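Trainee: Sequence plus the predicted model coming up.
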Amino acid sequence: MKRKERKHLKEDELVSTVNKIIHFVKARTKGFVALVVLIAVLLLIFAGLKFATGENRKKESRLLTQILNLHAELNNTPENVAQLEELAGGGRFSRLAYLLLATYCVENGDQDKAQSYLEKIPERRKDVIYYQAKDLLAQIHFKRKNYDKAIEIYKKIEDENPKDHSLDVILFHRAEVHEEKREFEEALVLYKKIQEEFPQTFYGYDAAQKIRKLETKK
């Protein structure tokens, strides 16, 4: 009798242990399956994003090509201006489109329109396009004899000392404004600075010539 009881007890313990193992495996299996499903979903999302990124890059490449082609044909096809304006209205290359439109207008003597395009370029992203736009805007003020406004723009660029734009260009352009304004001492200081700090550049060479010219006026 006791043997039977012990046998039943052992069988009950075995059943209990097996049940616990099964329960544990089931619980872990559910978790494992969930984990596998999660990984699969993440992989699908990643693959989808990679595909979307590739597609976006293709779209951006086509857009950039379209903008550059439209600009290249502006002199022969002035009606391209309307298409460029439309492309400049939004998107990653809108600032480039505005800059190209402004350049075209300056080349054709429409300074008002050029200034309106340049003023649409936002201040928040200060890169090479931004500083080229600011330089062009200052040149427009220079041509209009708004000397103080041009100098103000150039001084601001100098203070920011951008890595994306050559400072010798900015210094030289500001020196030209001072020279035109007959502020020869200020111009001379800037030309000498360019000659000292950028001697091997195009503007360094031009600055040396400007220095000789201004010193003869003393």
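Mentor: Now that the structure is in, tell me what you want to look at. Numbering: from 1, shown residues only.
Trainee: Name the nearest residue to the residue most central in space within the chain, ignoring sequence neighbours.
Mentor: What sits nearest the mean C-alpha location of the chain, by CA atoms, centre = their mean, is D127, with 5.8 Å. Nearest non-adjacent residue to D127, counting by CB to CB, 6 or more residues apart in numbering: D164, 5.0 Å away. All C-beta spots, glycine's among them, are computed from the backbone N, C-alpha and C.
Trainee: where does the one you found land in three-state SS?
Mentor: coil (DSSP: H, G, I helix; E, B strand; the rest coil).
Trainee: Can you tell me how far it is from A102?
Mentor: Using CB to CB, to the nearest Å, one gets 18 Å for the distance from D164 to A102.
Trainee: which of those two has more neighbours?
Mentor: Just comparing D164 and A102: by other CB atoms under 10 Å the higher neighbour count belongs to A102, 26 against 11.
Trainee: Surely the more buried one touches Y117?
Mentor: Yes - applying CB atoms under 8 Å as the test, A102 and Y117 come out as touching, 4.1 Å apart.
Trainee: next structured bit after the helix or strand where I67 lies?
Mentor: According to DSSP states H and E, I67 maps onto helix 2-72. Counting by DSSP H and E, the element after helix 2-72 in chain order, helix or strand, is helix 80-88.
Trainee: Mind giving me the packing neighbours of the helix or strand just after that following helix?
Mentor: Moving toward the C-terminus from helix 80-88, the next helix or strand (DSSP H and E) is helix 94-107. Helix 94-107 sits against helix 2-72, helix 80-88, helix 111-118, helix 128-143, with contacts defined as 3 or more CB pairs under 8 Å, 6 or more residues apart in numbering; DSSP states H and E.
Trainee: The nearest residue to L70 once chain neighbours are set aside and Q132, how far apart?
Mentor: Counting by CB to CB, 6+ apart, L70 lies nearest to N80, which is 4.5 Å off, once chain neighbours are set aside. Remark: distance between N80 and Q132 (CB to CB) = 21 Å.
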